[in-house]
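Q: no sequence on this one, just coordinates:
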């Protein structure tokens with residue numbers, strides 16, 4: 001049984017429309033947590049509505065706690081970062097991140113590629129396949145920057161792309 005919880009249909013529709021308009025206009029997009037999920041859905045992907053009840057159990061890969069009990073300013077798990085990604089250019093092979101979500105990308109939109117995954121296989125980063133227009137992460141770098149100054153690199157990269 002899914003534990004999807006509260007849904008804001010009007011907000012979802014508005015944000016999906018905004019993503020589509022921004023992409024059509026050639027704008028750069030940075031997605032964080034829900035933002036990554038909305039981008040994926042707007043481009044044709046879908047989500048696990050509740051990880052604890054829907055994510056497939058994998059041998060030797062238990063589901064980590066994606067809605068962490070620790071304060072959000074604390075990183076609680078590593079993500080493995082794909083070699084051929086902007087995220088890899090910023091952080092290398094892996095990085096320690098926080099986690100504050102119960103939904104996650106399931107089917108990836110065809111125009112996106114996975115740039116990071118958690119140890120349990122949950123998708124933690126997405127980027128555009130054919131350009132640099134979309135850059136998205138599942139964790140919260142805007143909170144982690146207080147304890148990990150390198151989290152600022154995500155925002156610096158976004159600003160650089162905006163001004164290029």
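A: Great, that's in hand. Keep in mind that what you see is a predicted model, and the values were worked out from it rather than measured.
Q: make it CA atoms for all contacts and neighbour counts henceforth
A: Noted.
Q: was I right about residue 101 contacting residue 66?
A: Yes - in terms of Cα atoms under 8 Å, residue 101 counts as a neighbour of residue 66; the distance is 5.7 Å.
Q: Neighbour count: the two, which is higher?
A: Between residue 101 and residue 66, residue 66 has the larger neighbour count (other Cα atoms under 10 Å), namely 21 against 17.
Q: quick one: the more buried one from residue 153, how far?
A: 23 Å (Cα to Cα, to the nearest Å).
Q: backbone phi and psi for residue 80, please?
A: Per-residue torsions, residue 80: phi -90, psi 130 (degrees, to the nearest 10).
Q: give me the number of residues near it?
A: 20.
Q: Could you list everything it pairs with in the sheet?
A: With DSSP bridges applied, residue 80 shows beta-bridge pairing to residue 94, residue 117.
Q: show me what contacts it?
A: 93-95, 116-119 (Cα atoms under 8 Å, 6 or more residues apart in numbering).
Q: now swap in residue 15 and tell me
A: Taking Cα under 8 Å, 6+ apart, one finds residue 38 in contact with residue 15.
Q: Same check on residue 102?
A: 49-52, 66-67.
Q: Looking at those, which one is closest to residue 138?
A: Distance ranking of the contacts of residue 102 against residue 138, using Cα to Cα, places residue 66 first at 9.9 Å.
Q: just to revisit the earlier point, and the contacts of residue 102, which are buried?
A: Among the contacts of residue 102, those buried by neighbour count (16 or more other Cα atoms under 10 Å) are 49-52, 66.
Q: Let's have the residues you listed in CSV, adding distance to residue 31 and pLDDT.
A: Listed next are those as CSV, based on distance: Cα to Cα, whole Å; pLDDT from 0 to 100:
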residue, distance to residue 31, pLDDT
49, 18, 89
50, 20, 83
51, 20, 79
52, 23, 79
66, 18, 81
